[in-house]
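Asker: have a look at this prediction, sequence included:
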Amino acid sequence: MGPAPSQQAQPRSRLRSKFALVVVGAAALALVAAGCGGSGSSSGSSSGGTKVKGGTAVYALPPSTTPNYIFPYSSSADFSVSNISYLQQLLYRPLYWFGKGETPNYNSSLSVANAPQFSGNNVTITLKHYVWSNGQPVTASNVMFWINMETAEPSNYGGYTGFPASVVKNVKVVSPTELTMTMDKAYSQSWFLYNELSQITPMPEAWDRTASGPSHCTTTVSDCKAVYTYLDGQSKTLNSYASSPLWSVVNGPWKLSAFNADGHITFVPNKSYSGPTKASLSQFKEVPFTTDSAEYSVLQAPNSSVTVGYLPEQDAPAKPVDQTVGTNPLHGYTLSPLYSWGINYYVTNFQSTTGNAPIIKQTYFRQAMAYLMNQKSVIQGPLRGYGQFTTGPVPNFPKTQFLSPSIPAGTDPFPFSESKAKSLLTSHGWKVVPNGTSTCTNPSLCGPGVKQGQGLSFTFPFSNGVAWTTSEMTQLQSNAAAVGIKLNLKPEPFNQVIALAGGNCVVTKSSCNWDLANWGGGWVFAPDYQPTGEELFMCGVPANSGGYCSKQNDSLINSTLTTSNMNAMYTWQNYVQPQLPVQYQPNGVYELTEIKDNLKGVTPQPVTLAINPENWFFTK
């Protein structure tokens, strides 16, 4: 799902998230102060108390993380946790669902289709009985609509990696409930399910149109460009979402009752939902906050109706190293840390037009920057113990078979060392000027394209609104200054950072006038759940925000796609980890979730960062 928010991102895959700065408005305060369900003293699990039908659950969005794009065929700039998890998937169910308990595993019960059947290079998909809210069934043609769209408009899908064009020779609708594909060669079956079929979201016939009337993208690829242009345009009219005849056709457990562009969103149960769990709540509301401190002020208020909120890391008592949860300062709530199936990083722009691209392309420089990021200090300090090292391109939590044994979990691959950073610079032709600007004195050592006298000074936009991210950035700025690297920090709202660094530079070669960028949450592996690297690190893919490109890396990634032997995954990781296609930073807890004691069904929280309020219910 992509970049996530900075409460931590990771977006779909690159689920990214968002945050900002201002005092919460009076309307938001009034809403969250209103009562929604009673109070209680049981846990946030599904046990304890008598289930009550109805009630309104109020969910606090991460700071500055307001959903702003409803069409599930999202471009890289809109490919975020906030859009996918907090809006799109509540309304429009993907063909296959992932996340079981606290794992990113395939979930057959919540999938719209049965498990794919493989026979040689052929794949057969059969649909379960799901219906759209307009009464029409979800059909194989609705799946074909998506596939044709991805064939016609690959650059406008944030999770695009080549499917279907590069892996499928033929796709055929056999019947209203069956579709077949022929792969161009044998692939790993788990990879094809987790990273290719996982991308598909069936789209209703009602969306196959342009401003002038019905179209035929479902059957004719050449019609899809005009359809995409129309739907993309409709997605930009945010205040019409709840009343739109397009977006009101849903097959998920929820439908929109109200949508405000400021982030106040109300969902009500979709009575036509065909999935296994029907909503017990009468309403589910999302409310926005500009900072985590503003949210926490509301959460602490007497009779606050925020039923699922979050404890800012800076307000959390330090967690003992040997415990998973520390002391909860809030009464009436259960504290449940949520970590993502992802990695956290900031981006180095290999295609920067500021003049710094030749420097950024030097591996020694990226390694020097890595030694200046003190992951341990950030975890123990502003994260209050709620964080993990990002060890490389593959998550180390939860524990899976994907992580290379040569990259041990729980260790920093580049432990903080000012001396190592300085040594890398001086040995490559730089005159290091502590607390000044180091300059290149020997271009033959500095690297191709680096000029005599060029200084180490970089523009660095980052997502504001979350205290620990800001602390991390100011600490990195100070560490870098000690070896004469000037980081010109530019705190901006998440949406602005993503719009700048979210892939436009890679895809369109525009908006490249930045050097480093940090939206705060890195990447969540969804909807590509197997971390094989083709979505983030291959040359030219939209989610490769910095434009890192290595033919050897591409070759090693391709090897992971055709075999289930984990050695291919390990060989690739061991190569690319020290290359630093991105700069690793602590994978802080995505959220220290606070769940009102009388609300059940919220835990376990999916590491994919999906939310399933249809499972939630109040007790008395």
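Answerer: That came through, no problem.

Asker: alpha carbons only for contacts and neighbour counts from here, please
Answerer: OK.

Asker: which residue ranges of the stretch 1-150 of the chain form helices?
Answerer: Per DSSP state H, counting those that start in this stretch, the stretch 1-150 of the chain carries helices over the ranges 26-33, 81-83, 89-91, 140-152.

Asker: mean neighbour count, distance to residue 308 and mean pLDDT added to the ones you listed, as a markdown table?
Answerer: Output for those, formatted as a markdown table (neighbours: other C-alpha atoms under 10 Å; distance: least, C-alpha to C-alpha, whole Å; pLDDT from 0 to 100):
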| stretch | mean neighbour count | distance to residue 308 | mean pLDDT |
| --- | --- | --- | --- |
| helix 26-33 | 15 | 11 | 31 |
| helix 81-83 | 31 | 16 | 92 |
| helix 89-91 | 24 | 16 | 98 |
| helix 140-152 | 23 | 33 | 98 |
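
Asker: ok, and the closest non-adjacent residue to residue 247?
Answerer: residue 241 (6.2 Å; C-alpha to C-alpha, 6 or more residues apart in numbering).

Asker: test my guess that that neighbour contacts residue 255.
Answerer: No. The criterion here is C-alpha atoms under 8 Å, and residue 241 misses it with residue 255 at 10.3 Å.

Asker: who touches both of those two?
Answerer: residue 248 (C-alpha atoms under 8 Å, 6 or more residues apart in numbering).

Asker: out of the helices of the stretch 1-150 of the chain, which gets nearest to residue 414?
Answerer: helix 81-83 (28.3 Å; C-alpha to C-alpha).

Asker: which strands or helices does that closest one pack on?
Answerer: Taking 3 or more C-alpha pairs under 8 Å, 6 or more residues apart in numbering; DSSP states H and E as contact, there are no helices or strands that helix 81-83 lies on.

Asker: tell me where the stretch 201-350 of the chain has helices.
Answerer: 224-235, 292-300.

Asker: least confident of those, on average?
Answerer: Lowest mean pLDDT within the helices of the stretch 201-350 of the chain: helix 292-300, a mean of 94.

Asker: how about that one, which residues are buried there?
Answerer: 292, 293, 294, 295, 296, 298, 299 (16 or more other C-alpha atoms under 10 Å).

Asker: next one: stretch 108-118
Answerer: Quick answer for stretch 108-118 (16+ other C-alpha under 10 Å): 109, 110, 111, 112, 113, 114, 115, 116.

Asker: got it, and stretch 438-456?
Answerer: Quick answer for stretch 438-456 (16+ other C-alpha under 10 Å): 438-443, 446-447, 450-451, 454-456.

Asker: residue 287 and residue 58 touch, don't they?
Answerer: Yes. Proximity of residue 287 to residue 58 meets the contact threshold set by C-alpha under 8 Å, at 7.1 Å.

Asker: related to what we said a few turns ago, right, and the helices of the stretch 1-150 of the chain - which one's nearest residue 50?
Answerer: helix 26-33 (24.4 Å).

Asker: are we agreed that residue 173 is in a strand?
Answerer: Yes. Looking at residue 173 with DSSP: H, G, I helix; E, B strand; the rest coil, it is inside a strand.

Asker: quick one: neighbours of it, just the number.
Answerer: 18 (other C-alpha atoms under 10 Å).

Asker: can you name the residues that contact it?
Answerer: 140, 141, 144, 179, 180.

Asker: what's opposite residue 119 in the beta bridge?
Answerer: For residue 119, the beta-bridge partners are residue 122 (DSSP bridges).

Asker: just give the nearest non-adjacent residue to residue 112, would you?
Answerer: According to C-alpha to C-alpha, 6+ apart, the nearest residue to residue 112 is residue 95 (5.0 Å).

Asker: can you tell me the element residue 179 falls in?
Answerer: strand 178-183 (DSSP states H and E).

Asker: contacts for that strand next, please.
Answerer: 121-127, 140, 167-174.

Asker: just the buried members of the residues you listed?
Answerer: 122, 123, 124, 125, 126, 127, 140, 167, 168, 171, 173.

Asker: what mean pLDDT does the helix or strand containing residue 424 get?
Answerer: Using DSSP H and E, residue 424 sits in helix 418-426. For helix 418-426, mean pLDDT rounds to 98.

Asker: which secondary structure elements does the next helix or strand after that helix contact?
Answerer: As assigned by DSSP H and E, the chain's next helix or strand after helix 418-426 is strand 430-431. Packed against strand 430-431 by the contact rule (3+ C-alpha pairs under 8 Å, 6+ apart) you find strand 439-440.

Asker: for the strand it packs on, give the mean pLDDT please.
Answerer: For strand 439-440, the per-residue pLDDT averages 98.

Asker: stretch 382-401 now?
Answerer: 92.

Asker: kindly check the end-to-end length of that stretch for me.
Answerer: 31 Å (C-alpha to C-alpha, to the nearest Å).

Asker: which residue packs closest to residue 579, ignoring adjacent ones?
Answerer: In space, residue 579 is closest to residue 363, 6.2 Å off (C-alpha to C-alpha, 6+ apart).

Asker: is it true that that neighbour touches residue 580?
Answerer: Yes. Contact criterion C-alpha under 8 Å: residue 363 and residue 580 qualify, at 7.4 Å.

Asker: which one's more surrounded, those two?
Answerer: Counted by other C-alpha under 10 Å, residue 363 and residue 580 do not tie: residue 580 has more neighbours, with 22 against 16.

Asker: which strand or helix spans the nearest residue to that one once chain neighbours are set aside?
Answerer: Take residue 580 and drop its neighbours on the chain: the residue closest to it by C-alpha to C-alpha, 6+ apart is residue 366, 6.5 Å away. Counting by DSSP H and E, the element that carries residue 366 is helix 363-372.

Asker: one more: residue 471?
Answerer: helix 467-481.

Asker: who's in contact with residue 270?
Answerer: 133, 250, 251, 252, 253, 254, 255.

Asker: among these, which are in strands?
Answerer: 254, 255 (DSSP state E).

Asker: list buried residues within the contacts of residue 270.
Answerer: 133, 250, 251, 252, 253, 254, 255.

Asker: need the pLDDT of the second one.
Answerer: At residue 250, the pLDDT value in this model is 98.

Asker: rewinding a little: summarise which helices and strands the helix holding residue 366 is packed against.
Answerer: Partner elements for helix 363-372 (3+ C-alpha pairs under 8 Å, 6+ apart): helix 418-426, helix 467-481, strand 583-584.

Asker: what angle sits between it and helix 418-426?
Answerer: 160 degrees (axes from the mean of the first three to the mean of the last three C-alpha atoms, to 10 degrees).

Asker: what's the first helix or strand after helix 363-372?
Answerer: With DSSP H and E, the next secondary element past helix 363-372 is helix 375-380.

Asker: so how far is that next one off the chain centroid?
Answerer: On the basis of C-alpha atoms, centre = their mean, to the nearest Å, helix 375-380 sits 22 Å off its chain's mean C-alpha point.

Asker: stretch 260-269 now?
Answerer: Per C-alpha atoms, centre = their mean, the centroid offset for stretch 260-269 relative to its chain is 20 Å.

Asker: may I see the buried residues of it?
Answerer: Applying 16+ other C-alpha under 10 Å to stretch 260-269 flags 260, 262, 263, 264, 265, 266, 267, 268, 269 as buried.

Asker: now do it, average pLDDT.
Answerer: Stretch 260-269 comes out at a mean pLDDT of 97.
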